[in-house]
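*Asks:* Turn this into a structure:
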Amino acid sequence: MLKNGNSNCFSGSVKRVSRANDYYANINTAVALGKTQVPIKHKQLASNYVLIKRIFGSCAAVIPITNADRAVLSRHGFMPLENSTISHINRQIEQLKSWSNSGDILLGAYANELFEIRIKELKYLRLTVTSGRAAEFKDGYQALEKYIEYIAR
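*Replies:* Predicted coordinates:
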């Protein structure tokens with residue numbers, strides 16, 4: 001009786017849950033996150049990054065993040081960009097957007113500071129990483145760059 005009737009009920013719910021978990025793991029999710037409620041500060045920083053990248057082909061100066069920047073990242077639970085996966089970066093982008101769009105001025109300032117640090121990390125990674133070392137890093141920086149390029153349009 002239950003041979004074909006209810007056998008797909010459980011597997012369908014499992015597929016929905018796994019799709020929800022895989023949502024943030026997709027690099028195109030960064031583009032989807034850039035379609036709604038992007039803070040003005042994010043757009044300004046992204047435009048500056050993309051403009052410099054178009055003019056010079058890469059960032060103009062190599063500026064590594066400081067220990068103070070690393071402390072700010074770790075205080076808010078963010079790992080360095082080279083250790084972040086796509087899903088981590090997509091969640092962080094969504095979190096930074098919600099912090100920036102909240103009514104709290106202090107939380108918005110933290111979000112803008114964290115986004116600036118992320119862009120500084122991305123610039124440094126793009127200039128210093130060779131193709132051999134790129135395999136050592138997780139690919140979260142690609143999602144961040146895709147988000148930045150999309151919101152800079």
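*Asks:* CA only for contacts and neighbour counts going forward, please
*Replies:* Fine.
*Asks:* how close does the residue nearest in space to the middle of the chain sit to Leu51?
*Replies:* The centre of the chain sits closest to Ile89, judged by C-alpha atoms, centre = their mean, with a distance of 3.3 Å. Counting by C-alpha to C-alpha, to the nearest Å, the gap from Ile89 to Leu51 is 22 Å.
*Asks:* returning to that earlier point: to which secondary structure element type does the residue nearest to the centre of the chain belong?
*Replies:* The local conformation at Ile89, judged by DSSP: H, G, I helix; E, B strand; the rest coil, is helix.
*Asks:* excluding its backbone neighbours, what's nearest it?
*Replies:* Take Ile89 and drop its neighbours on the chain: the residue closest to it by C-alpha to C-alpha, 6 or more residues apart in numbering is Gly140, 5.7 Å away.
*Asks:* Look up phi and psi at that neighbour.
*Replies:* Backbone torsions of Gly140, given as degrees, to the nearest 10, read phi -70, psi -30.
*Asks:* Identify the residues contacting it.
*Replies:* Applying C-alpha atoms under 8 Å, 6 or more residues apart in numbering, we find Gly140 in contact with Leu81, Glu82, Asn83, Ser84, Thr85, Ile86, Ser87, His88, Ile89.
*Asks:* same thing but at 10 Å, please
*Replies:* The contact partners of Gly140, taken as C-alpha atoms under 10 Å, 6 or more residues apart in numbering, are 25, 27, 80-90.
*Asks:* now do Asn101
*Replies:* Counting by C-alpha under 10 Å, 6+ apart, Asn101 has contacts Gln37, Val38, Pro39, Ile40, Gln95, Leu107, Gly108, Ala111.
*Asks:* a markdown table for those residues, including secondary structure and neighbour count?
*Replies:* Shown next, in a markdown table, are the contacts of Asn101 (DSSP: H, G, I helix; E, B strand; the rest coil; neighbours: other C-alpha atoms under 10 Å):
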| residue | secondary structure | neighbour count |
| --- | --- | --- |
| Gln37 | coil | 12 |
| Val38 | coil | 18 |
| Pro39 | coil | 19 |
| Ile40 | helix | 13 |
| Gln95 | helix | 13 |
| Leu107 | helix | 16 |
| Gly108 | helix | 20 |
| Ala111 | helix | 25 |
